[in-house]
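Asker: sharing a model prediction with you, sequence too.
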Amino acid sequence: MTDYHNPAWTKESRFRGALDDVIIIPLVLIALAANKILRFILSILMRLLDYAFPLAMQIVWLSLFAAKVLGNVIVTVINGALRFLPLRRNVDSGVYRAGKALAA
């Protein structure tokens, strides 16, 4: 027996590409490219949201504040209008009613 390998066997045992490598390698390259592109898009979205979120919060706050002020104005106008209505107290029930007092 000899300790060295037959050169014909070593040439045959070298790595050779097969049909499945032709399919797998492009799929892996496409997956890696898609991963890089998606990470880039996500980083852009994160930067945009960093600036857009405070702006959106200000817009929402402003609209809610305007609704609150409008509600307060409406309540004040209604209270002011009710001051000028002639109200009489119904002695039996203790309820204020507009117009004439109800007959007991």
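Answerer: Everything's here; your move.
Asker: neighbours around residue 78, how many?
Answerer: 9 (other CB atoms under 10 Å). No exception for glycine: its C-beta is placed from N, CA and C like everyone else's.
Asker: list the contacts for it?
Answerer: Counting by CB atoms under 8 Å, 6 or more residues apart in numbering, residue 78 touches no other residue.
Asker: before we move on, what SS does it have?
Answerer: Classification of residue 78 using DSSP: H, G, I helix; E, B strand; the rest coil returns helix.
Asker: return the distance of it relative to residue 65.
Answerer: Residue 78 is 21 Å from residue 65, where distance means CB to CB, to the nearest Å.
Asker: quick one: residue 35 and residue 28, what's the gap?
Answerer: 11 Å.
Asker: again, but for residue 81
Answerer: For residue 81, the distance to residue 28 - CB to CB - is 76 Å.
Asker: now swap in residue 78 and tell me
Answerer: For residue 78 relative to residue 28 (CB to CB), the value is 71 Å.
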